[in-house]
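Trainee: Okay, predicted coordinates and the sequence, questions at the end:
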Amino acid sequence: MIKNNSKNTNTVASVDGECAPLFTKDYNVYINHTDAGGIVYHANHLVFFENCRRDWFGKLNLNGYFLQTDDGEIQHFVVSQADLQYKKAILLDEVINVRIDKVELKPASIIFYQSIHRHSPNSLSPDNANSNANASSSLLSSGKIVIACVQNQVKTKPVSNNKADTAVASTTPMRPIRVPKNLRDAIEQAIYEQLNT
């Protein structure tokens, strides 16, 4: 169901606590993802989560993180919070399944609930009676990632040198802004379609 409340939050949830993920993609584990023991380095779980979010945005025909307004200002996302739980080691040369399980839309941020599973072709099949058991036994890590929507504050200031006066752009701090409407609409549509399939 899609929940709408006074805090303008949209989320995917299910009655029984389990639902199909919004997006899922398989990734190969390469040597550069691992430490000397052939185990995926803990920070690289974040890399797989990031890649999955980018790939989902691509599937929604959105430029993942950089959006330009009609005024030419650049809006983008920064990770403001990441809470991870590591369950089992991910090993070199494995194929892993990275998922976006749930999304919550806030006025100026998006909360992603994501997970990494050991690859199992049948674990997401609706015909598989043990799909929930397979999903829980294959869980390698899970995370709650909050990305905040921000806009760069760019000002132009003159800089003098010996040859001529030139203008140089200098950045000032970013400020939080509302999630752009086209992105919000695309995510809400994806949530709606996921719940009605």
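Mentor: Arrived safely. Numbering: from 1, shown residues only.
Trainee: On the three-state scheme, residue 184 is what?
Mentor: helix (DSSP: H, G, I helix; E, B strand; the rest coil).
Trainee: Could you report the neighbour count for it?
Mentor: Residues near residue 184, counting by other C-beta atoms under 10 Å, number 17. Heads up, the C-betas are built off the backbone N, CA and C, glycines and all.
Trainee: ok, now residue 59?
Mentor: By other C-beta under 10 Å, 12 other residues sit near residue 59.
Trainee: For it, give its distance to residue 120.
Mentor: For residue 59, the distance to residue 120 equals 22 Å [C-beta to C-beta, to the nearest Å].
Trainee: Residue 182 versus the residue nearest in space to the middle of the chain, what's the distance?
Mentor: The residue lying closest to the centre of the chain (C-alpha atoms, centre = their mean) is residue 53, at 3.4 Å. Here residue 53 is placed at a distance of 17 Å from residue 182 (C-beta to C-beta).
Trainee: before we move on, what about residue 77?
Mentor: Counting by C-beta to C-beta - residue 77 and residue 182 are separated by 14 Å.
Trainee: Settle it for me: which of the two has more neighbours?
Mentor: residue 77 (20 against 12).
Trainee: Helix or strand next in line after the least confident helix or strand in the chain by mean pLDDT, which one?
Mentor: Counting by mean pLDDT, DSSP states H and E, the weakest-scoring helix or strand in the chain turns out to be strand 10-11, with a mean of 46. Of the helices and strands lying after strand 10-11 in sequence (DSSP states H and E), the nearest is strand 23-28.
Trainee: Direction included, what does that next one pair up with?
Mentor: strand 95-105 (antiparallel) (DSSP bridges).
Trainee: So what's the gap between the partner strand and the chain middle?
Mentor: 8 Å (C-alpha atoms, centre = their mean, to the nearest Å).
Trainee: Would you mind listing the buried residues in that strand?
Mentor: 96-105 (16 or more other C-beta atoms under 10 Å).
Trainee: and residue 118, what does it touch?
Mentor: With contact set as C-beta atoms under 8 Å, 6 or more residues apart in numbering, residue 118 has these partners: 88, 94, 96-97, 138, 140.
Trainee: how much space between residue 91 and residue 140?
Mentor: Between residue 91 and residue 140 the computed distance is 10 Å (C-beta to C-beta).
Trainee: which of the two has more neighbours?
Mentor: Between residue 91 and residue 140, residue 140 has the larger neighbour count (other C-beta under 10 Å), namely 21 against 16.
Trainee: quick one: that one and residue 187, what's the gap?
Mentor: Computed as C-beta to C-beta, the residue 140 to residue 187 distance reads 25 Å.
Trainee: Also residue 33?
Mentor: Taking C-beta to C-beta, one finds residue 33 at 28 Å from residue 187.
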